[in-house]
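Chemist: Predicted model follows, preceded by the sequence.
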Amino acid sequence: MMMAEARPPQKTSSTPVNITQPVRRDHERIRTLFQQDLASQPDSRQVLVKHILRDLTADFETEEELVFQKIRKLGSEV
């Protein structure tokens, strides 16, 4: 079974970033891993759990980088 590699958040200060695409992509990948976990045998879940935790960490970092940064910027403009 091939797992998608977690990717670091993209850092581009001069180009506007569409924040919904990477977040949705992360969530879909994590949802797929959870579905695989639920469908697998209990003794084979350890690897999937490691992938889920890795991808959740990458997702949190992406959201921190893109979503919360955008919210903070919008808040400072008010």
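Modeler: Noted; the coordinates are in hand. These numbers come from a predicted model, not from an experiment.
Chemist: in the protein, which ranges drop under the pLDDT threshold?
Modeler: Within the chain, the ranges that satisfy pLDDT under 70 run 1-17, 78.
Chemist: Centre-most residue in it?
Modeler: The C-alpha lying nearest the average C-alpha coordinate of the chain belongs to residue 59 (Cα atoms, centre = their mean; 2.4 Å).
Chemist: Roughly how far does that one sit from residue 43?
Modeler: To residue 43, residue 59 is 27 Å away according to Cβ to Cβ, to the nearest Å. Heads up, the C-betas are built off the backbone N, CA and C, glycines and all.
Chemist: about what we covered before: so where does the residue nearest to the centre of the chain fall, helix or strand?
Modeler: Using DSSP states H and E, residue 59 sits within helix 45-63.
Chemist: the helices in this protein, which residues?
Modeler: 20-39, 45-63, 69-77 (DSSP state H).
Chemist: Next, the buried residues of the longest one.
Modeler: Using 16 or more other Cβ atoms under 10 Å as the burial criterion, the residues of helix 20-39 that qualify are 22, 26, 29, 30, 33, 36, 37.
Chemist: Understood, closing this out.
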